[in-house]
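J.: Provided below for reference: sequence and predicted model.
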Amino acid sequence: MELELLKLFFPDELVAHFDITGSAIKQGKHGDYLEVEFTERNELPEGYSSEEYEAKDFVEKTIQDFPIRSHAAFLKLRRRRWRHKETGATISRDLSFIAEGSRFTKEVAAFFKELRGE
């Protein structure tokens, strides 16, 4: 049930690969906002083997999502990177719910484009 509830508030892909590791109401220059921290699980993207790759580190990115209960919502993502054991090349999961070239979820970006008549 908890997973189904989270899917109502956050993108499915986020819920499928990340755990909520923190949340807080914070003060910003435009008022209070909600920050929810997600940490990617140590599960390699499909098509990669744990025999060849190992968890390396995290890269953080914050994106804006739709408001929740009248608070601006920011999702702080701790994305995992994996390193190939022999070549040192790194990989990370493709997060298709983030609008390319922006700091918004695709849904929020589409909403803003519609408002502007694009």
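T.: Sure thing, it's come through.
J.: show me what contacts Arg80?
T.: By C-beta atoms under 8 Å, 6 or more residues apart in numbering, Arg80 lies in contact with Thr39, Glu40, Arg41, Asn42, Ala55, Lys56, Asp57, Phe58, Ser92, Arg93. To be clear about C-beta, it is placed using only N, CA and C from the backbone, and glycine gets the same treatment.
J.: what does Ala55 give?
T.: Contact partners of Ala55, counting by C-beta under 8 Å, 6+ apart, are Asn42, Arg80, Arg81, Trp82.
J.: farthest pair in the residues you listed?
T.: Distance extremes for the contacts of Ala55: the farthest pair is Asn42 and Arg81 at 11.1 Å, using C-beta to C-beta.
J.: sorry, back to before: please pick the buried ones from the contacts of Arg80.
T.: By neighbour count, with 16 or more other C-beta atoms under 10 Å, the contacts of Arg80 hold Thr39, Glu40, Arg93 as buried.
J.: how about the backbone phi and psi for the residue lying closest to the last one once chain neighbours are set aside?
T.: Yep, that's Arg93 we're talking about. Among residues not flanking Arg93 along the chain, Pro45 sits closest, at 4.8 Å (C-beta to C-beta, 6 or more residues apart in numbering). Backbone torsions of Pro45, given as degrees, to the nearest 10, read phi -60, psi 150.
J.: how about low-confidence regions in the protein?
T.: 1-3, 97-113, 115-116, 118 (pLDDT under 70).
J.: what ranges do the helices span in it?
T.: Secondary structure of the chain (DSSP state H): helices at 2-9, 12-17, 106-115.
J.: so what's the residue nearest the centre of the chain bridging to?
T.: The centroid of the chain falls nearest to Leu77 when counting by C-alpha atoms, centre = their mean (4.5 Å). Beta-bridge pairing for Leu77 (DSSP bridges): Phe38, Lys61.
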